[in-house]
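>>> need a structure here:
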Amino acid sequence: MIKLAILSNINIDPLKNELQKNDFLELYFSGFNRWQSDLLDVSSDLYAFSPQYVFIHLDAGEYKENPEAFLASVETYFRRVPQTRFIISNFNFPPYSVATYSEKNTEINSLNAALDEFSQRNKNVFVLDFNRLILWNGYKNLFDDKYWYLGRIKFSNLGFRVLADEVKNVLTCLLGKTKKVLILDLDNTLWGGILGETDEQNIQLSQEGIGLIFVDFQKKIKQLKEMGILLVSCSKNNEADAKEMFEKNPNMHLKWDDFILHKINWRQKTDNIAEIAESLQLGLDSMVFIDDNRRERELVKQTFPQIETPDFPEDISVLNPWFVMNVVYPFFPKKQLTDEDKEKTVQYQRNISRNEIQKTLSYEEFIASLQIRLTISEPNDSQFFRVAQLTQKTNQFNLTGKRYSETDISTMNSDSRFSIYICEYEDKFGKEGIIGCAIIKTENEKATVDTFLLSCRVLGRNVENDFMKHIIMKIKDKGIKKVEGIYNKTDKNIVAKDFYIKNGFISDDEKHYFLENF
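I've put the predicted structure just below:
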């Protein structure tokens, strides 16, 4: 459960009904206009709740002070509780005024400029762009004055739904719970028309009209690929016809090699999707499926409810805004890119190549043929985000399942009790970047493995054992003679169940493992 506190200078309690639909949230709502006292008073209910995230929405029309007073209150709180992260909605004013055309709204510009500058200085502050939501949905739709005079509520029912969805999207981003794979149909999805039933010149993919809608759609998908999202085609078609479309149609913005896998045949798409998950060694809950055909979508929803399968728009003219608002923001939000993100497709292509050669060699021959080189070190400031990202995304080989933010990693790095190690991988196929991390806490002459994880891409190559041996040597060099490892069993990390035993630890309860006098 994620503990989220909500603070505001207006009545925002109806937001609770919307946020409670997310079963991973435990909520605290501050009283009406008690946001400042909650932040400053260490005896307040906010401090007692001890949230991991605090969302603040201040209505600009009701906020009468300068921005420095607000930001100083926030800064006071996170200096006392540095592990807390803040999501702060930017300021907005009604788009109408008695001053009519002479109204310049310079005040809101200064408020938002101060907020942006503050967030740039503080990594644990994220600005939720509420003004973007107003531009998309319309001010008149999100606000309703009658509720303000009845109960100090400014938002309409739609306004609360939109705000709740955006808070969830931001949390998805900050928690690193983004999806990894976008599975795409081809006919009437990436282009208009059906290959084999329509002359090539009548396929809708061009620089004008409906054809341009699909070109722009492909451009957006290409952007996702460049942000580290894996693309897979899944289409009932002749593969040769589809490949010819990719290679010869001059308006194809997506190329054949932009896709990590192609499943183009006449089999059930659910069978193909099962093979996709097996080939990529990824869970079904990391995937999003897009198909214009309602029957295909329904079959996938029923067979694999873990896969996100949004309803394709019936009106093709709204395809591009639909994709951004209903697919990208909910499932693929990104705060920043790492080098590993940019190389994601290449990394998985290399993994497929490794799996192919493994089929023809013994395990020992396979490992020797890879020429694996590991670099184990302590992370620098620029690598904290990647370490946090690994804790949020890694499930299969994550011994404790603990999730940390970039701020958490930075805080632990400054704490003498903690040692953080990263593992970078390279073999004859290329560099994979940072694929593992470990966090060791030392207290009372005992070292505890707080976190030990490895990307599923490198499992089965003895990397995890070599990484642990290196860490044990580091612990030994510090004069520590007792190490405790913890294994928190989940549905996804069964593969790591015997890891400690294989590395010489002993246990009586299959949760706590000990290594002494090593």
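
>>> pull the CA atoms of stretch 48-62 into CSV?
Extracted in CSV, the C-alpha atoms of stretch 48-62 (Å, rounded to 0.1, in the frame of the first residue of the first chain):
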residue,chain,number,x,y,z
ALA,A,48,1.3,10.8,12.5
PHE,A,49,0.1,9.4,9.1
SER,A,50,3.7,9.5,7.8
PRO,A,51,2.8,9.5,4.1
GLN,A,52,5.2,8.4,1.3
TYR,A,53,3.6,11.0,-1.0
VAL,A,54,1.8,14.3,-0.4
PHE,A,55,-0.4,15.8,-3.0
ILE,A,56,-1.1,19.6,-2.7
HIS,A,57,-3.6,21.5,-4.7
LEU,A,58,-3.9,25.2,-3.8
ASP,A,59,-6.6,27.3,-5.6
ALA,A,60,-4.9,30.4,-6.8
GLY,A,61,-8.0,32.6,-6.3
GLU,A,62,-8.1,31.7,-2.6
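
>>> so which bits of it are buried?
49, 51-60 (16 or more other CB atoms under 10 Å). C-beta here means a position set from N, CA and C on the backbone, and glycine is covered the same way.

>>> shaky segments in the stretch 151-300 of the chain?
Within the stretch 151-300 of the chain, the ranges that satisfy pLDDT under 70 run 198-201.

>>> thought residue 435 was touching residue 461?
No: judged on CB atoms under 8 Å, residue 435 makes no contact with residue 461 at a distance of 10.2 Å.

>>> next SSE after the lowest-mean-pLDDT helix or strand in the chain?
Each helix and strand of the chain was given a mean pLDDT (mean pLDDT, DSSP states H and E); the minimum falls on helix 339-342 at a mean of 73. Downstream of helix 339-342, the first helix or strand assigned by DSSP states H and E is helix 344-358.

>>> other SSEs contacting the helix or strand following that next one?
Once helix 344-358 ends, the next helix or strand along the chain (criterion: DSSP H and E) is helix 363-370. Counting by 3 or more CB pairs under 8 Å, 6 or more residues apart in numbering; DSSP states H and E, the packing neighbours recorded for helix 363-370 are helix 344-358.

>>> before we move on, back to that, tell me which of the buried residues of stretch 48-62 is nearest to residue 21?
Set against residue 21, the nearest of the buried residues of stretch 48-62 by CB to CB is residue 55 (15.7 Å).

>>> name the nearest residue to the closest one, sequence neighbours excluded.
Spatial nearest neighbour of residue 55, chain neighbours left out: residue 87 (4.6 Å); criterion: CB to CB, 6 or more residues apart in numbering.

>>> quickly list what that neighbour is bridged to.
Beta-bridge pairing for residue 87 (DSSP bridges): residue 55, residue 126.

>>> doesn't residue 435 make contact with residue 464?
No: assessed by CB under 8 Å, residue 464 is found out of contact with residue 435, at 10.1 Å.

>>> more neighbours: which of these two?
residue 435 (26 against 23; other CB atoms under 10 Å).

>>> make sure that one is indeed in a strand.
Yes: in this structure, residue 435 lies within a strand as judged by DSSP: H, G, I helix; E, B strand; the rest coil.

>>> quick check: closest non-adjacent residue to it.
residue 455 (4.2 Å).

>>> for that neighbour, what are its contacts?
The neighbours of residue 455, taking CB atoms under 8 Å, 6 or more residues apart in numbering as the test, are 390, 394, 397, 432, 435-436.

>>> if we take those, which one ends up nearest to residue 326?
Using CB to CB, those come closest to residue 326 at residue 394, 27.5 Å.

>>> for the nearest residue to the closest one once chain neighbours are set aside, which residues make a bridge with it?
Distance criterion CB to CB, 6+ apart; nearest residue to residue 394, sequence neighbours excluded, is residue 453 at 4.5 Å. Beta bridges link residue 453 to residue 398, residue 437 when assigned by DSSP bridges.

>>> give me the neighbour count for residue 453.
28.

>>> neighbouring contacts of stretch 468-483?
Applying CB under 8 Å, 6+ apart, the contact partners of stretch 468-483 are 374, 376, 419, 421, 438, 440, 442, 445-449, 452, 499, 503, 505, 514-518.

>>> again, 7 Å this time
376, 421, 438, 440, 442, 445-447, 449, 503, 514-518 (CB atoms under 7 Å, 6 or more residues apart in numbering).

>>> just how off-centre is that stretch within its chain?
Taking CA atoms, centre = their mean, to the nearest Å, one finds the center of stretch 468-483 at 33 Å from the center of the full chain.

>>> can you pull the buried residues of that stretch?
Neighbour-count burial for stretch 468-483 [16+ other CB under 10 Å]: 468, 471-472, 474-475, 480, 483.

>>> tell me the helix or strand right after the helix or strand containing residue 231.
Element membership for residue 231, per DSSP H and E: strand 230-236. Under the assignment DSSP H and E, the closest C-terminal helix or strand after strand 230-236 is helix 239-248.

>>> just the angle between that following helix and strand 230-236, please?
130 degrees (axes from the mean of the first three to the mean of the last three CA atoms, to 10 degrees).

>>> pLDDT below threshold where in this structure?
Residues of the chain that meet the cut-off, pLDDT under 70, sit at 103-106, 198-201.

>>> surely residue 139 touches residue 93?
No: Residue 139 lies out of contact with residue 93 (CB atoms under 7 Å); the separation is 9.8 Å.

>>> common neighbours of the two, please.
By CB under 7 Å, 6+ apart, no residue touches both residue 139 and residue 93.

>>> in the stretch 401-518 of the chain, which spans are strands?
418-427, 430-443, 446-454, 482-486, 506-507, 512-516 (DSSP state E, counting those that start in this stretch).

>>> okay, these, which one's buried deepest?
With neighbours taken as mean count of other CB atoms under 10 Å, those reach their highest mean count in strand 446-454, at a mean of 23.

>>> name the helices or strands packed onto that one?
Judged by 3 or more CB pairs under 7 Å, 6 or more residues apart in numbering; DSSP states H and E, strand 446-454 is in contact with helix 384-393, strand 397-398, strand 430-443, helix 463-477, strand 482-486.

>>> now render the ones you listed as CSV, adding distance to residue 20.
Below are the helices and strands packed on strand 446-454 laid out as CSV (distance: least, CB to CB, whole Å):
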stretch, distance to residue 20
helix 384-393, 23
strand 397-398, 28
strand 430-443, 33
helix 463-477, 39
strand 482-486, 32
